[in-house]
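Student: for reference, the sequence and a predicted model appear below.
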Amino acid sequence: MKTIRHTIPTLFLLLTITIPSALALECFPETPCFDISSEIYGLTADEIALYPEPNVQVLTTNNNLLYDRAYQQVIGKNPLTIYDTPDGNATGTLDAGFNFVTSLRNQEGWTEINTDQWVKSEHLGAMGAAVSHFSGVLLPETPLPYPMAWLLVNLYPSTVPGNDPDGSQPLLPRYTRVNIYASVTIDSYNWYQIGVNQWVHQFHVAKIEPITRPEEVETDRWISIDLYEQIAIAYQGTTPVFATLVSSGLDRWPTQEGLFNIYFRRTRKNMSGGQPGDDYYFLEEVPWTMFFDEGRALHGAYWHDGFGYRRSHGCVNLSITDAYWLYNWVAEVMGSMSSAEQEIGPAVYVYSSGQYD
């Protein structure tokens, strides 16, 4: 569970005002935004109308890119037997675990997963069932006047910070992009104003918070990964150009904090790890992989739509759309595939702006 955020340098101008009843208010930019006597908090409808939504360009999803492979999860708790032909000879097994394969063709109850490798179709789930259509945003050259965030859950906003959700408000779906117009701190947690009389708890959003370029970063292009907000931002020099939600490592398999560089990349890479009977996984043809810390990589994830939450074995999961964009952005400065193994790519700065329980 997320706890209160720590302060880090950002490109936004914030105004913090201490007010009674253990509340603290921040407005964006430096504009008074509360009336103690009437218990009205946040920006007015007229102020919000001047900038009703984030001025960003959303990456376009391409179904040909999302479904250029027939991804299928292996179902069942037993090892998967692999045959050389349908009803042929067993040539191997795939240990039980969290496993996905890419199918090539079907034939009378059998599925070919690689050349001369066939499995019974009954052991495979629906094709592409978990592929996410989420995508990140290109940021404007001029800094956003208000911080942008994505909602992490479907929710009804509260009309007053600290109150229960109000059914009179519209239901806002997960991944909705919102402005954060003001922030009220109640019992050590932040409540954010995202609209007229619309407030949400900090646990329910992930904020884009660009940071000051670390002195140790030596590449012009670099990427920050905030493990607390689960946000990745790509920078050109000191300017943020792209931001998106990610899924980093769970506590058992953490994504390590520190400064790294992308050193190896492939358009497709099989990934496996863990111990059979415990945490084993096999993921075939993971797309747009960019390794930066030993076996940890930025890469597309076709097996879940849980971006904004930790859930990996240490890698940084991206939607396929985002991974494809980032891979090509990295490729522009890493040269050809033949030389990619020898060149140092953009820096990757991994940090936490807050702490998890």
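Tutor: Yep, it's here. Residues are numbered from 1 along each chain as shown.
Student: so which residue is dead centre in this protein?
Tutor: Centroid-nearest residue in the chain, with C-alpha atoms, centre = their mean: residue 246, separated by 1.7 Å.
Student: give me the pLDDT value at that one.
Tutor: On the pLDDT scale, residue 246 is placed at 98.
Student: so what's the closest residue in space to residue 344 that isn't next to it in sequence bridging to?
Tutor: Excluding the flanking residues, the one nearest residue 344 by C-beta to C-beta, 6 or more residues apart in numbering is residue 261, at 4.9 Å. Just so you know, the C-beta spots here come from the backbone N, C-alpha and C atoms, and that holds for glycine as well. Residue 261 has these beta-bridge partners by DSSP bridges: residue 347.
Student: now the helices for the stretch 51-200 of the chain?
Tutor: Assigned by DSSP state H, counting those that start in this stretch, the stretch 51-200 of the chain shows helices spanning 63-66.
Student: so, low pLDDT: which residues of it?
Tutor: Within the stretch 51-200 of the chain, no range satisfies pLDDT under 70.
Student: mind listing the strands for it?
Tutor: 57-58, 70-73, 80-83, 90-94, 98-103, 105-107, 110-114, 117-120, 137-138, 148-151, 177-179, 182-186, 189-195, 198-201 (DSSP state E, counting those that start in this stretch).
Student: now do the buried residues in the third one.
Tutor: So the one you mean is strand 80-83. By neighbour count on 16 or more other C-beta atoms under 10 Å, the buried set for strand 80-83 is 80, 82, 83.
Student: so where's the longest helix in the protein?
Tutor: Longest helix of the chain, by residue count under DSSP state H: helix 320-334.
Student: same for it, what does it pack against?
Tutor: Where contact means 3 or more C-beta pairs under 8 Å, 6 or more residues apart in numbering; DSSP states H and E, helix 320-334 is packed against helix 63-66, strand 221-226, strand 231-236, strand 239-245, strand 264-273, strand 281-293, strand 296-300.
Student: and among those, the most buried is which?
Tutor: Using mean count of other C-beta atoms under 10 Å, the stretch among the helices and strands packed on helix 320-334 with the greatest mean number of neighbours is strand 296-300 (a mean of 25).
Student: that one versus strand 281-293: what angle between them?
Tutor: Put simply, strand 296-300 runs at 120 degrees to strand 281-293, going by axes from the mean of the first three to the mean of the last three C-alpha atoms, to 10 degrees.
Student: now the element after strand 296-300, going C-ward?
Tutor: Next along the chain after strand 296-300, taking DSSP states H and E as the criterion, comes strand 316-318.
Student: fine by me, we can end here.
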